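**Student:** pasting the structure only:
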C-alpha cells in the first residue's frame, strides 16, 4: 500500500505552517506488518531531511541513532520497517515558528486519524513530543475515547502505563532533528521509551 495514495490534505487551512513542506510518506508498506508507529512533531523544513528521503536525511540520522541508543541494531530506515516500525509526523507541513497552534494540530489530526486506521496490528505508539501527544489526544477525544495521555510535563507522566485501542502509548520527547543531538539529557529518556516500545 502506498500511504500517500490513501490520504491527502485538500484545503491547507493552517496559517502557522509552510505548506511547501507538506509531506505524506510516499513509501510502499504492508499495513499488517506494522507493529510500532512513531509519531513526531511535523514535517522537516527541508523535505530532503524527511524520514524517507534517503540515508543522509537529518530525521533519518537522528531516528536511527535514537533506536541504536535503545539497543536496536539498525543501520537504515529499511531496517526499522523490517522490524515493523513505521515513522510519520502529526503535522504534515513544516512549521514556521517555534510552536504549533492548537487549530493546526486539530486539523492535521484528521489526517493522522486516517493514517493510523491503515494499521490494524499496532502494539505501540511512540508519541515523540507535545504535538504528537496533542494530535493523538485529539483523535481519541473526537472518537469519544477520552484523552490517551493526561496533561502534564512529559518527564512527570512518561513512566505511567497508557493504552489506546489495545496498544501501549508512550509519551516521549522529539527525536527528529538537530535538538536530538543538543539535548543530551533527553536522549536517555528517548532511548528508554523506544526500548520499552520494542519490548511490547
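**Tutor:** Received, thanks. Here the structure is a predicted model, which means the values were calculated and not measured.

**Student:** ok, residue 23 touching residue 88?
**Tutor:** No. Using Cβ atoms under 8 Å, residue 23 is not in contact with residue 88, being 9.4 Å away. (Glycine included, C-beta is placed from N, CA and C.)

**Student:** Give the residues shared as contacts by these two.
**Tutor:** With contacts taken as Cβ atoms under 8 Å, 6 or more residues apart in numbering, residue 23 and residue 88 have no neighbour in common.

**Student:** Tell me which helix or strand comes right after the longest strand along the chain.
**Tutor:** As assigned by DSSP state E, the longest strand anywhere in the chain is strand 85-95. Elements were assigned by DSSP states H and E; along the chain past strand 85-95, the next helix or strand is helix 102-116.

**Student:** Break down the chain into its strands, ranges please.
**Tutor:** For the chain, the strands defined by DSSP E occupy 17-18, 36-43, 85-95, 124-128, 162-164, 167-172.

**Student:** which one of those has the lowest average pLDDT?
**Tutor:** Note on these: strand 17-18 shows the lowest mean pLDDT, a mean of 92.

**Student:** which strands and helices sit next to it?
**Tutor:** Counting contacts by 3 or more Cβ pairs under 8 Å, 6 or more residues apart in numbering; DSSP states H and E, strand 17-18 packs against strand 85-95.

**Student:** Summarise which helices and strands the strand it packs on is packed against.
**Tutor:** strand 17-18, strand 36-43, helix 58-69, helix 102-116, helix 130-142.

**Student:** avg pLDDT for the fourth one?
**Tutor:** The reference is to helix 102-116. For helix 102-116, the mean pLDDT works out to 96.

**Student:** Could you tell me the angle between that helix and helix 130-142?
**Tutor:** Angle between the axes of helix 102-116 and helix 130-142 is 70 degrees (criterion: axes from the mean of the first three to the mean of the last three Cα atoms, to 10 degrees).

**Student:** Now render the strands of the chain as TSV, adding distance to residue 113 and mean neighbour count.
**Tutor:** Below are these laid out as TSV (distance: least, Cβ to Cβ, whole Å; neighbours: other Cβ atoms under 10 Å):
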stretch	distance to residue 113	mean neighbour count
strand 17-18	18	18
strand 36-43	12	25
strand 85-95	11	24
strand 124-128	13	27
strand 162-164	12	17
strand 167-172	15	23
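
**Student:** Turn those into a markdown table, including distance to residue 54.
**Tutor:** Formatted as a markdown table, these follow (distance: least, Cβ to Cβ, whole Å):
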| stretch | distance to residue 54 |
| --- | --- |
| strand 17-18 | 21 |
| strand 36-43 | 15 |
| strand 85-95 | 14 |
| strand 124-128 | 21 |
| strand 162-164 | 32 |
| strand 167-172 | 25 |
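
**Student:** so residue 37 touches residue 119, yeah?
**Tutor:** Yes. Using Cβ under 8 Å, residue 37 is in contact with residue 119, at 6.3 Å.

**Student:** tell me, what's touching these two both at once?
**Tutor:** Shared contacts of residue 37 and residue 119, defined by Cβ under 8 Å, 6+ apart, comprise residue 86.

**Student:** ok so, going back, and the strands of the chain: which comes nearest residue 52?
**Tutor:** strand 85-95 (7.8 Å; Cβ to Cβ).
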